[in-house]
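S.K.: Here's a sequence, model it:
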Amino acid sequence: MELTIALSSDCPPKAISITNQKNSIHRQELLPLLPDDKMKRMARKSAFLIVLLLGLFPVCLGIVTAFGFDQTDLQLLITSKTCLKCDLTGADLSSADLSHADLRGAKLQGANLSNANLNRANLQYAQLQSADLRGANLGYANLRKSNLNEVLFAGADLSYAVLTRVRLFKVDMRQTTLLNTDFSGSLLSKANFRGMDLSHINFRKAILYKTDLRDTKLVGAYLRDANLRMTKFDGADLSEADLSGVFLGDTIKKGEKVPRQELQKIDLGNVKLCRTIFPWGIDYTDCN
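M.R.: So this is what the prediction gives:
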């Protein structure tokens, strides 16, 4: 059977034109075609037509999702720098000046915020999953209780930023600037800090399950009451770091002091210990 298909320019198409050797159908509405027995028989013989039509719907939906954010919210942010709980999903805000902006509770999943100025911005409770924050200035920004899972951070400045009780699952923090950044109470499972200077960083009560802290400088870091279960410390400098009250998840109850034999289960590897505070006292092993 020789079959010719013509679709209307609507998206999704509202009409089709089908021509074959036996019959001709012109500009029939798509929905009325379905109940018709003759059309059902033709659909069975032309299975690829259905596949073609179904394939058009994702294309149409893709046009919608590409502009999934609310244009009104975007305009409000640009004009007033205030947009509470607004929908900016997938919006392009690269290089935007959003310093001091109030974006509490904003939906910013997949948004492009690369090289944006977010200095002192308020992003509490913001949803930033998979957002692009490469090269962004987040100095003194408030990101408390925000969701930062799988965010791209390379080149971002997080100096003095508040990231308390945030979610940073599987985030690569290398190549970021962290000066007096507060990660207390945050979920940092499987995050990668390898080789970074984390001196005086606050990790109190943070969950560092399988977090990579190898070759880091943790001088004076505050790790009190942190969950260090399967944390990687090999090559780290823990001089003057506070590890009092640390616990190991399933092994030790939260808040319970870890006896020395239990702490040895943490893979400290080849670390430097000088005036390092442990539950049993201060360790001067590597002090000169």
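S.K.: so how far is G281 from the closest residue to G105 other than its chain neighbours?
M.R.: Using Cβ to Cβ, 6 or more residues apart in numbering and skipping residues adjacent in sequence, the residue nearest G105 is K85, 4.0 Å away. For the C-beta atoms, the positions are set from N, CA and C on the backbone; glycine is no exception. Distance, K85 to G281, by Cβ to Cβ, to the nearest Å: 49 Å.
S.K.: More neighbours: the two, which one.
M.R.: Ranked by neighbour count (other Cβ atoms under 10 Å), K85 and G281 place K85 first, with 13 against 10.
S.K.: can you tell me how far that one sits from A101?
M.R.: Between K85 and A101 the computed distance is 14 Å (Cβ to Cβ).
S.K.: the helices in the stretch 151-288 of the chain, which residues?
M.R.: 260-263 (DSSP state H, counting those that start in this stretch).
S.K.: doesn't T72 fall inside a helix?
M.R.: Yes. Assessed with DSSP: H, G, I helix; E, B strand; the rest coil, T72 lies in a helix.
S.K.: What is the least confident helix or strand in the protein?
M.R.: helix 47-66 (a mean of 38; mean pLDDT, DSSP states H and E).
S.K.: wait, K272 sits on D237?
M.R.: Yes. With contact defined as Cβ atoms under 8 Å, K272 counts as touching D237 (4.5 Å).
S.K.: Settle it for me: which of those two has more neighbours?
M.R.: When K272 and D237 are compared for neighbours, D237 comes out ahead with 22 against 17, by other Cβ under 10 Å.
S.K.: The more buried one and L218 touch, don't they?
M.R.: Yes. In this structure, D237 is within contact of L218 by Cβ under 8 Å, at 6.1 Å.
S.K.: if I pick the residue nearest to G105, what's in contact with it?
M.R.: 104-107 (Cβ atoms under 8 Å, 6 or more residues apart in numbering).
S.K.: same thing but 10 Å
M.R.: Taking Cβ atoms under 10 Å, 6 or more residues apart in numbering, we find K85 in contact with 73, 103-107, 125-127.
S.K.: Same question for V162.
M.R.: If you count contacts by Cβ under 10 Å, 6+ apart, V162 has them with 122-124, 138, 140-144, 146, 181-184, 202.
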